[in-house]
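Participant: from the sequence below, what's the structure:
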Amino acid sequence: MKKCITFLLLLFLSLQTFSQIQTEKIVPPAKGKSVIYFLRTSGLGALMNIRYFDKEEYLGRFNGINYLRYECDPGEKVFWIKAENIDVLEANLEADKVYLVETNAIMGAFSAGAKFKLVDFNKKNQVKRINKLLEKKEPKTFTQETLQEQLQKMKDVVNKGLKKVRKKIDRKKTTKLPSDMNYEV
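Facilitator: Purely as a prediction, here's the structure:
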C-alpha cells in the first residue's frame, strides 16, 4: 500500500512539473515593462518567413523553429504577423508580466499562412514543444539599425498590412490575449 501511495505521489508530481514551462530562459521584464515571447514551435512551413509587428513597429522576422522575446511598455497592444496572410493579436499587457504566444505556420489548399495560437499551460503537448524550443534555442535578436533598414524597405507592406489589421479588428477577426494569461516567473 505504501509503495502504491509513493508511486501515485511521484506520478502526480511528475505530471504537475511536466505541464509547466521548465526553463530559465524565460527572462522577466525590467521593472514596469512587459515581455511577450513569440514562439514558433512547429517545423511546418519551415522555409516560410514570418514577420512580427507591434502596430507599425517592426520586431523582426525568422523562419523555422525559433522564438522572439519582445520587451515593451504595458497597455493595449495590437500585434500582427505577416506571412502570405496577416493575423492579428490584441492584448492588454500588464506591467512586470511575461506572456507566451505561439506563431506557427498553417498550410492551406492553395497557400500557406501564419496564425497566433494562445498557450494553454494545461496542454502538456504544447508545453512540451515550448520547453523543447526554449532548451535548444536562444531568442532571435536584431539590432535597431537592421530593423530600421528592413522597415524602410517594407513601407508599402506595412501600410497595406495596417489597413488589413484595422479591417480585422473592425470585423472582430482577431485573437485576444487575456491579460491574466501570463506566465508566472
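
Participant: give the buried residues for stretch 89-96.
Facilitator: L89, E90, A91, L93 (16 or more other C-beta atoms under 10 Å). C-betas here are computed from N, CA, C, even on glycine.

Participant: hmm, I typed the wrong one, I wanted stretch 44-64.
Facilitator: G45, M48, I50, R51, Y52, F53, D54, Y58, L59, G60, R61, F62.

Participant: gap between the residue nearest to G60 when sequence neighbours are not counted and D156?
Facilitator: Here the nearest residue to G60 in space, its sequence neighbours aside, is F142; by C-beta to C-beta, 6 or more residues apart in numbering that works out to 4.3 Å. Distance, F142 to D156, using C-beta to C-beta, to the nearest Å: 21 Å.

Participant: ok, those two, which is more surrounded?
Facilitator: Between F142 and D156, F142 has the larger neighbour count (other C-beta atoms under 10 Å), namely 16 against 8.

Participant: helix/strand/coil for that one?
Facilitator: coil (DSSP: H, G, I helix; E, B strand; the rest coil).

Participant: quick thing: my sequence starts at 57, can you match it?
Facilitator: That works, and once the first residue is 57, the last one we named lands at F198.

Participant: just the strands in this protein please.
Facilitator: Under the criterion DSSP state E, the chain contains strands at 90-96, 106-110, 113-118, 122-128, 131-138, 142-149, 154-163, 168-174, 231-233.

Participant: ok, now which ones touch G169?
Facilitator: Residues in contact with G169 (C-beta atoms under 8 Å, 6 or more residues apart in numbering) are A139, E140, N141, D143, A161, I162.

Participant: and for the fourth one, the neighbour number?
Facilitator: Residues within reach of D143, counting by other C-beta under 10 Å, total 23.

Participant: what of N141?
Facilitator: Counted with other C-beta under 10 Å, N141 comes out at 14.

Participant: same check, this time on K171
Facilitator: 16.

Participant: what do you get for the one 10 residues further on?
Facilitator: When counting by other C-beta under 10 Å, one arrives at 9 neighbours for N181.

Participant: looking at this protein, which helix or strand does the model trust least?
Facilitator: helix 58-74 (a mean of 44; mean pLDDT, DSSP states H and E).
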